[in-house]
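**Q** here is a sequence with its predicted model. Questions after.
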Amino acid sequence: MSSTETKMPAATLRSLLAMALCSFAIGMAEFVIMGILPDIATDLNVSIPTTGSLITGLLSRCRADRANSSFS
């Protein structure tokens, strides 16, 4: 029995790596906000729940814009 090894084309590997890195960056950008939420609330002179609602609305709008954007 011989073992055949299927290699992934270099272009596919680069594309997969780029998608993984972008997904990581987008995820980190959204989770970092949770860590600095109290500071944002203090700067805006509002409560933390109010600031959380503001951030939720902002991120929801960004996701909706991304979903409706076209790459052509």
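**A** Perfect, I can see it now. As the structure is a prediction and not an experimental result, all values here were calculated from the model.
**Q** longest helix of the chain?
**A** Assignment by DSSP state H gives helix 10-44 as the longest helix of the chain.
**Q** for that helix, buried residues please.
**A** Leu37, Ala41 (16 or more other C-beta atoms under 10 Å). In short, each C-beta sits where N, CA and C put it, glycine included.
**Q** what helices and strands are in contact with the helix or strand following that helix?
**A** As assigned by DSSP states H and E, the chain's next helix or strand after helix 10-44 is helix 48-68. Contacts defined by 3 or more C-beta pairs under 8 Å, 6 or more residues apart in numbering; DSSP states H and E place helix 48-68 against helix 10-44.
**Q** near Thr51, how many other residues are there?
**A** When neighbours are counted by other C-beta atoms under 10 Å, Thr51 registers 20.
**Q** apologies, that question was intended for Leu59.
**A** With other C-beta under 10 Å as criterion, Leu59 counts 13.
**Q** ok, it touching Val32?
**A** No. Using C-beta atoms under 8 Å as the test, Leu59 is too far from Val32 to be in contact (11.9 Å).
**Q** wait, Ile55 sits on Gly35?
**A** No. Using C-beta under 8 Å, Ile55 is not in contact with Gly35; the gap is 11.7 Å.
**Q** what mean pLDDT does the longest helix of the chain have?
**A** The average pLDDT within helix 10-44 is 87.
**Q** start the count at 35, not 1, going forward
**A** New numbering, starting at 35: the last item is helix 44-78.
**Q** from the chain's centre, how far out does it sit?
**A** Relative to its parent chain, helix 44-78 has a centroid offset of 4 Å by C-alpha atoms, centre = their mean, to the nearest Å.
**Q** and it, what does it pack onto?
**A** Judged by 3+ C-beta pairs under 8 Å, 6+ apart, the packing partners of helix 44-78 are helix 82-102.
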